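*Asks:* sequence plus predicted model, see below.
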Number of protein chains: 2
Amino acid sequence: MPRSNAEPTMARGARRQPGARLLQYRVLPPERAATMQKFKTIAIVGVGLLGGSVGLAARRRRLAREVIGIGRRSSTLAKAKSCGAINRGTTSLVRGVADADLIVVATPLDLVADSIAEAAEAARPGALITDVGSTKSDILNALKGRIPRGVHFIGSHPLAGGTLGGPEHARADLFEGRPIVVTPTRTTNAEQKRRLCEFWRALGGRVLEMTARRHDEAVATTSHLTHLVASALAAATGENDLPLASTGWLDTTRVAGGNIDMWQAIIATNRTAIAKSLARYEKTIGTLRRAVERGDQGRVGRILSEAKRKRDVVGS
Amino acid sequence: MPRSNAEPTMARGARRQPGARLLQYRVLPPERAATMQKFKTIAIVGVGLLGGSVGLAARRRRLAREVIGIGRRSSTLAKAKSCGAINRGTTSLVRGVADADLIVVATPLDLVADSIAEAAEAARPGALITDVGSTKSDILNALKGRIPRGVHFIGSHPLAGGTLGGPEHARADLFEGRPIVVTPTRTTNAEQKRRLCEFWRALGGRVLEMTARRHDEAVATTSHLTHLVASALAAATGENDLPLASTGWLDTTRVAGGNIDMWQAIIATNRTAIAKSLARYEKTIGTLRRAVERGDQGRVGRILSEAKRKRDVVGS
């Protein structure tokens, strides 16, 4: 993946074509990261793996004077504090966000919209709110008319994570080199957007700006379809064939071992785009099946070559 | 994966049901590996990654007095010798196999049957020949009437490999803990089969005996379908979506970066079984698509759970 420090560049593999503009991104040059406008107080709502990593990375890079963690369980807040992800914690969202100029909502996906609305209600004027939810359109829809004037909400999705949740698995380098999508709308304040992008870049991310809808369509394939493809392969493997599973099967099905509740929630919020990408994929599988049946090696070879080209573009 | 040293055990995840007997395997206990009947001369036809690793592992474990490498290129033989995979090399198959009591054919899949037939013709009476080809039925069919009396051929398929070919990437531990399928037929000599299984176990493999047909059906899913599933995902990912590919996509599509010619050859020799497993998989994808479209979370959840259960059984 490209990690250029240059000004707007095209992502590798992204051809110049209508819509490709949305995939432009910049990585903040180190000198600008050092001089960026800092936040006085960052409040993180939900201090699991992602929220904890935001806190850890922000504190390590001294991007705020104070990082406050907000959670439902004191035990999780204590863990987050002891591993350095936050300066202090509170179970009161209202009190936790009151002084913050940046609020990062990192609760489970089905709670994100309500957490944002509650935080917006309690936030001070000028506060900037973002989230780390895996789908963006549903959150925007659920927030219609719920963000008070003077408070700014802009969605984010860092494509980073891990198999193990909880603040104890948080890592200061979780966002380094990872794509982070920021989803402004037509009413987004440009200066606030600039601050948010700068924040993610300061955490090491490669920021990509696009609409919530475009984001959801893209991750429907790169993330959600991927999960279903891997799960379908594991599910379709006969019990008696499992002892012959080798490294290829293990790699290809790895994500199918993930948290089912989390994936159910993600799928529920992006049904239309996922069904569309499943249909496109189903067609490719059907084409392959017919080509194998007919012994049409040319057809099989063309699909394998196209796959290898795209796989090689993305790298390891 | 299970690594028991006990006598015949069921593979983890394999339920007692008709045919499951074929999945029994034994791992050779260390004390028996030390006392197993050794070979005087092992000849390896094709000293690439697999052939080279057989040589390296056999020499490291002192399973033969001499390991002879047979190849078409002197340069490859020289490499195999310099990395310790063989004692000496020759480009003459006839002379190379003449003294061998074990001959391992590790040429590219489309050459395997002819290599076996030529080796069998030149071998001395009592010689045992095996191969490491990824599909077994086509080889058996191609060999009908081509193995002289007194020479024994039994197919093998070590489920081991790597992305980089050539003897320079051979590893003495390539077979450790890996499933190695041995495919006897009704006419297979029991004593020769025992010797072959013992050989693979001595290299660290977990030997599974089954018919060539059963093997081809199993790997049609665990290996060949896996490759097509991963390739279809990479191929179906839009050019503009590639910058949002994250670790899940990278894991799930990893095998799609493999050697296309090799995969084309494998697919060509196992078309019926692959088409069948593609059809079964296509059905699962269709079920998922309809469930996502309808918002049938129960259905989606059941498939994800079944997938996770199987994935967790196999392990990492």
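*Replies:* Structure received.
*Asks:* show me the contacts for residue A:165.
*Replies:* A:48-49, A:259 (C-beta atoms under 8 Å, 6 or more residues apart in numbering or on different chains). (Each C-beta comes from the backbone N, C-alpha and C, glycine too.)
*Asks:* make TSV out of these and add secondary structure.
*Replies:* What follows is the contacts of residue A:165, written out as TSV (DSSP: H, G, I helix; E, B strand; the rest coil):
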residue	secondary structure
A:48	coil
A:49	helix
A:259	coil
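*Asks:* derive a ChimeraX selection command for the buried subset of those.
*Replies:* To isolate the buried ones among these in ChimeraX, judged by 16 or more other C-beta atoms under 10 Å in any protein chain shown, type:
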select /A:48,49
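*Asks:* helix or strand next in line after the helix or strand containing residue A:214, which one?
*Replies:* For residue A:214, the element it lies in under DSSP states H and E is helix A:212-219. Downstream of helix A:212-219, the next assigned helix or strand under DSSP H and E is helix A:226-236.
*Asks:* now residue A:311, what's its secondary structure?
*Replies:* helix.
*Asks:* just the buried residues of the longest helix along chain A, please?
*Replies:* Ranked by number of residues, the top helix in chain A under DSSP state H is helix A:271-294. For helix A:271-294, the neighbour count (16+ other C-beta under 10 Å) marks A:271, A:273-278, A:280-282, A:284-289, A:291-292 as buried.
*Asks:* what's that helix packed up against?
*Replies:* Contact here means 3 or more C-beta pairs under 8 Å, 6 or more residues apart in numbering or on different chains; DSSP states H and E; on that basis helix A:271-294 packs against helix A:212-219, helix A:226-236, helix A:297-314, helix B:226-236, helix B:271-294.
*Asks:* take those helices and write them to CSV, including distance to residue B:263.
*Replies:* Below are those laid out as CSV (distance: least, C-beta to C-beta, whole Å):
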stretch, distance to residue B:263
helix A:212-219, 28
helix A:226-236, 16
helix A:297-314, 6
helix B:226-236, 6
helix B:271-294, 11
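*Asks:* please name the nearest non-neighbouring residue to whatever residue of the stretch 51-200 of chain A ends up closest to chain B.
*Replies:* Relative to chain B, the nearest point of the stretch 51-200 of chain A is residue A:159 (4.1 Å; C-beta to the nearest C-beta). Nearest residue to residue A:159, sequence neighbours excluded (C-beta to C-beta, 6 or more residues apart in numbering or on different chains): residue B:246, at 4.1 Å.
*Asks:* residue A:173 against residue A:162, yeah?
*Replies:* No - Residue A:173 lies out of contact with residue A:162 (C-beta atoms under 8 Å); the separation is 11.7 Å.
*Asks:* helices along chain A, start to end?
*Replies:* Counting by DSSP H, the helices of chain A are A:30-35, A:49-60, A:74-82, A:93-97, A:109-122, A:137-142, A:190-202, A:212-219, A:226-236, A:247-252, A:260-268, A:271-294, A:297-314.
*Asks:* any idea which of these scores lowest on pLDDT?
*Replies:* Lowest mean pLDDT within the helices of chain A: helix A:30-35, a mean of 57.
*Asks:* that older thread, out of the helices and strands packed on helix A:271-294, nearest to residue B:138?
*Replies:* helix B:271-294 (9.7 Å; C-beta to C-beta).
*Asks:* contact partners of that closest one?
*Replies:* With contact meaning C-beta under 8 Å, 6+ apart, helix B:271-294 is reached by A:228-229, A:231-233, A:235-236, A:267, A:271, A:274-275, A:278-279, A:281-282, A:285-286, A:288-289, A:292-293, A:295, B:216-217, B:220-221, B:224-225, B:228-229, B:267, B:296-297, B:299-300, B:303.
*Asks:* could you name the helices and strands sitting against the helix holding residue A:214?
*Replies:* helix A:137-142, strand A:155-158, strand A:179-183, helix A:271-294.
*Asks:* how far is the longest one from where the chain is centred?
*Replies:* Right, helix A:271-294. 26 Å (C-alpha atoms, centre = their mean, to the nearest Å).
*Asks:* same check on the shortest one?
*Replies:* Going by C-alpha atoms, centre = their mean, the spacing between the C-alpha centre of strand A:155-158 and its chain's C-alpha centre is 5 Å.
*Asks:* can I get that strand as CSV, trimmed to CA atoms?
*Replies:* Presented in CSV, the C-alpha positions along strand A:155-158 are these (Å, rounded to 0.1, in the frame of the first residue of the first chain):
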residue,chain,number,x,y,z
GLY,A,155,-18.0,10.2,10.6
SER,A,156,-14.7,8.2,10.4
HIS,A,157,-13.9,4.5,9.8
PRO,A,158,-10.3,3.4,10.6
